[in-house]
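Participant: no sequence for this one, just the structure:
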């Protein structure tokens, strides 16, 4: 069995090489028809577009993406071509929740807005949105959920309309997949019309997909005071990101909200587990991220402890200093650990 794998996927080398006869590593953006022609499987990230152009005429039978999102896979064409695929739902949910917690605590510190008095609207209550809701509840926030697909399936009264979130929320955080069409279209879900409905000048947070928020519309909403601040981790036209939004956002980071070592280990494990199921291989490997340099944190407060574990200002400052290095900052990201890797001693 021959496998082509994105060379930025961590913790995969030893495990995958114990499973496959031949493993070829390449940057995700450099996957070509010639490279994959005689491969049996691909292990990718979002930077590899898996479609007819890449795969037609190849012997690829299976694609595992070590990501939650799978909009880079042309699933309809793969189904017609008999190519199976698997993603890693929920792999980095706790990492994104960690990012949100630190971002909200920094915003509270900078603005004086007491989080326990505010309402957070979560657009997309899947694996990630659910974890973010738990973090927000822990901070004393009121949480409203919007998730039309779940609402249609479950008929639960706990879900709110997007219009209600626009009316009632002080913070709006997006955690939806990118759907370019259909009943649950999310492309430019936050557009001029949406921003005109806002009533509380909220903080807008996007850690889902860049195209979920219309950049030009968000900038207009910021200029007009309809939106007070923005935390942006995902961008339209990555890696060619909008420099004005980069400077205007409260926090601006290079698509790394889900990039904890724990989340990456989960994603790699899920991708390899799917590969083993498809090819009927024995999954005999362990994937464990390395311990943090300082596993014991001494802190005066929750904010202090959280920012010692992860402070997004470092990533924001790095991107603002060198926006042209977006891909490098993302690809060479120094993976952080989540809270379970630490012991906190409060002073």
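Facilitator: Looks like it came in fine. All of these numbers come straight from a predicted model, not from anything done at the bench. Numbers count the residues shown, from 1 in each chain.

Participant: and the most centrally placed residue in the chain, how close does it get to residue 127?
Facilitator: If you average the C-alpha coordinates of the chain and look for the closest C-alpha using C-alpha atoms, centre = their mean, you land on residue 258, 4.7 Å from that point. Per C-beta to C-beta, to the nearest Å, residue 258 is found 11 Å from residue 127. No exception for glycine: its C-beta is placed from N, CA and C like everyone else's.

Participant: ok, the residue nearest to the centre of the chain - contacts?
Facilitator: Taking C-beta atoms under 8 Å, 6 or more residues apart in numbering, we find residue 258 in contact with 68, 91-92, 95-96, 99, 207.

Participant: just to be sure, it is in a strand?
Facilitator: No: if the criterion is DSSP: H, G, I helix; E, B strand; the rest coil, then residue 258 is coil and not within a strand.

Participant: count the residues that sit near the residue nearest to it when sequence neighbours are not counted.
Facilitator: Here the nearest residue to residue 258 in space, its sequence neighbours aside, is residue 92; by C-beta to C-beta, 6 or more residues apart in numbering that works out to 3.2 Å. The criterion is other C-beta atoms under 10 Å. On that basis, residue 92 has 29 neighbouring residues.

Participant: would you check how far apart residue 92 and residue 229 are?
Facilitator: 24 Å.

Participant: please apply the same query to residue 103.
Facilitator: Using C-beta to C-beta, we find residue 103 at a distance of 10 Å from residue 229.

Participant: the helices in the stretch 1-150 of the chain, which residues?
Facilitator: 13-17, 33-36, 52-55, 75-81, 93-111, 127-138, 148-154 (DSSP state H, counting those that start in this stretch).

Participant: quick one: the first one to chain centroid distance?
Facilitator: A distance of 25 Å separates the C-alpha centroid of helix 13-17 from that of its chain, computed with C-alpha atoms, centre = their mean, to the nearest Å.

Participant: tell me the buried residues in it?
Facilitator: By neighbour count with 16 or more other C-beta atoms under 10 Å, helix 13-17 contains the buried residues 15-16.

Participant: what's it packed up against?
Facilitator: strand 22-26, helix 261-279 (3 or more C-beta pairs under 8 Å, 6 or more residues apart in numbering; DSSP states H and E).

Participant: which one of the ones you listed lies nearest to residue 308?
Facilitator: Comparison of the helices and strands packed on helix 13-17 against residue 308 by C-beta to C-beta identifies helix 261-279 as nearest, at 16.0 Å.

Participant: ok, back up a step: more neighbours: residue 103 and residue 229, which one.
Facilitator: residue 103 (27 against 19).

Participant: what sits against residue 75?
Facilitator: Counting by C-beta under 8 Å, 6+ apart, residue 75 has contacts residue 85.

Participant: got it, and the one 3 residues further on?
Facilitator: Going by C-beta under 8 Å, 6+ apart, residue 78 touches 50, 55, 63, 84-85.

Participant: put the buried members of the residues you listed into a PyMOL selection.
Facilitator: Below is the selection syntax for PyMOL that covers the buried ones among the contacts of residue 78, with 16+ other C-beta under 10 Å defining burial:
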select buried, resi 50+55+63+85
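
Participant: which ones among the contacts of residue 78 map onto strands?
Facilitator: When DSSP state E defines the strands, the subset of the contacts of residue 78 inside them is 63, 84-85.

Participant: please name the nearest non-neighbouring residue to residue 51.
Facilitator: Counting by C-beta to C-beta, 6+ apart, residue 51 lies nearest to residue 74, which is 3.9 Å off, once chain neighbours are set aside.

Participant: how many other residues sit next to that neighbour?
Facilitator: The burial count assigned to residue 74 is 20, neighbours taken as other C-beta under 10 Å.

Participant: quick thing: my sequence starts at 25, can you match it?
Facilitator: Understood, numbering begins at 25; the last thing we discussed is residue 98.

Participant: which pLDDT value belongs to it?
Facilitator: With respect to pLDDT, residue 98 scores 97.

Participant: next one: the one 5 residues further on
Facilitator: With respect to pLDDT, residue 103 scores 97.

Participant: and for residue 278?
Facilitator: Reading off the confidence values, residue 278 has pLDDT 98.

Participant: need phi/psi at it.
Facilitator: phi -90, psi 60 (degrees, to the nearest 10).

Participant: tell me where the chain has strands.
Facilitator: With DSSP E as the criterion, the chain has strands at 26-30, 46-50, 65-68, 86-89, 108-110, 143-147, 166-170, 195-198, 227-230, 253-256, 275-276, 320-323, 367-370.

Participant: quick one: closest of those to residue 346.
Facilitator: Among the strands of the chain, if distance is taken as C-beta to C-beta, the winner is strand 275-276, at 12.4 Å.

Participant: centre of the chain to that closest one, how far?
Facilitator: Computed by C-alpha atoms, centre = their mean, the chain-centroid distance of strand 275-276 equals 15 Å.

Participant: sheet partners, orientation included, of that strand?
Facilitator: If you go by DSSP bridges, strand 275-276 pairs up with strand 253-256 (parallel).

Participant: gap between residue 229 and residue 251?
Facilitator: 11 Å.

Participant: I am finished for the moment; much appreciated.
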